[in-house]
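# The following comprises the amino acid sequence and a computationally predicted model.
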Amino acid sequence: MSDRWQVDNRLASPRFGRRFILWLAVGVLVVGGGGLMLWATGSNSAAAVSPSVTALVQTSNELVEKTGALETTEQQTIDQLQVVQDQLAAQQAETKKLTGEIEALHAKLDALASSASEMTAPSAGAAVPSPKMARKGRN
């Protein structure tokens, strides 16, 4: 996962840069809209504002609102990503723990199988009667 999406130790510059550029653009639009209003009226009077300048200012205000909504959505997405990362880390830790337990059980099972095979195998010192000896004993 890239560093720019990590919440705890993430880099601050990409997010700061995006917000700075966004606010700079909003500021330019607001200042430009105000300048257009003053230029269109030819005076400081707000009564003679042209409809196109009013629409530009309204668009600028809508852009500011949408920027705020985008920032809120971005923060919610980052929070959700952090929750998913935490869940993934917990699952990975659980998997590692269970893997260790399975390996321990395999070792115990191998030891039991080895022990059982030693018990069932005849000892080297004990004589096993051959089938011929068994027939002689019956006669």
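That came through fine.
# okay, and the helix or strand of this structure with the least pLDDT?
Among the helical and strand segments of the chain, the one scoring lowest on mean pLDDT, DSSP states H and E is helix 131-138, with a mean of 54.
# Quick one: mean pLDDT for the longest helix belonging to the chain?
In the chain, with assignment by DSSP state H, the single longest helix is helix 51-120. Averaging the model's pLDDT scores along helix 51-120 yields 92.
# other SSEs contacting it?
Taking 3 or more C-beta pairs under 8 Å, 6 or more residues apart in numbering; DSSP states H and E as contact, the helices and strands that helix 51-120 lies on are helix 13-41. No exception for glycine: its C-beta is placed from N, CA and C like everyone else's.
# Buried ones in the helix it packs on, by neighbour count?
26, 29-30, 33, 36-37 (16 or more other C-beta atoms under 10 Å).
# quick check, nearest of those residues to Gln87?
For Gln87, the closest of these turns out to be Val26, at 36.4 Å, with distances computed as C-beta to C-beta.
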